[in-house]
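In: below is the sequence, then the predicted model.
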Amino acid sequence: EVQLVESGGGLVQAGGSLRLSCGASGFIFSSYAMSWVRQAPGKGLEWVSFMNSGGGRISYADSVKGRFTISRDNAKNTLTLQMSSLKPEDTAEYYCAKCSNYNWCYAVDYWGKGTLVTVSS
């Protein structure tokens, strides 16, 4: 059974930092691209960042570029999102997502349950 478990969310002041982690199990983590996706209160899903299976291909949404850093440890089956210079508009539930491909993320086939990030002004 595929499981994605996020952690690290919480309340932080604007300008602060948080580090989100996603522990993966039930599949060969090193064979799949992974993404972070968020959903702000009352809004739709917003893709945040993507990393391919080997870590050599990375992309970010314009809204987080330069402030967030995605990384992965294939030996530990862990995906991480380092967030800095946080803004109130970063407040959202953050989801770890398993992509259905090793090199791109045209589709997501599994989602974690999310971790809430709240940024106060």
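Out: That came in fine, so what should we check first? Residues are numbered from 1 along each chain as shown.
In: what bridges to the nearest residue to residue 7 once chain neighbours are set aside?
Out: Leaving aside its chain neighbours, residue 7 sits nearest to residue 21 (5.2 Å; criterion: CB to CB, 6 or more residues apart in numbering). Bear in mind the C-beta positions are built from the backbone N, C-alpha and C, glycine included. Taking DSSP bridges as the rule, residue 21 bridges to residue 7, residue 80.
In: enumerate every residue touching residue 21.
Out: Residues in contact with residue 21, defined by CB atoms under 8 Å, 6 or more residues apart in numbering, are 6, 7, 8, 78, 79, 80.
In: just the buried subset of those residues, please.
Out: Buried by 16 or more other CB atoms under 10 Å: 6, 8, 78, 79, 80, out of the contacts of residue 21.
In: ok, so of those residues, who is nearest residue 104?
Out: residue 79 (16.1 Å; CB to CB).
In: who's in contact with the residue lying closest to residue 117 once chain neighbours are set aside?
Out: Spatially, and ignoring its direct neighbours in sequence, residue 117 is nearest to residue 9 (4.8 Å; CB to CB, 6+ apart). Residues in contact with residue 9 (CB under 8 Å, 6+ apart) are 18, 20, 94, 115, 116, 117, 118.
In: picking that back up, report the separation between the residue nearest to residue 7 and residue 27.
Out: Computed as CB to CB, to the nearest Å, the residue 21 to residue 27 distance reads 17 Å.
In: again, but for residue 94
Out: Per CB to CB, residue 94 is found 20 Å from residue 27.
In: same check on residue 103?
Out: For residue 103, the distance to residue 27 - CB to CB - is 16 Å.
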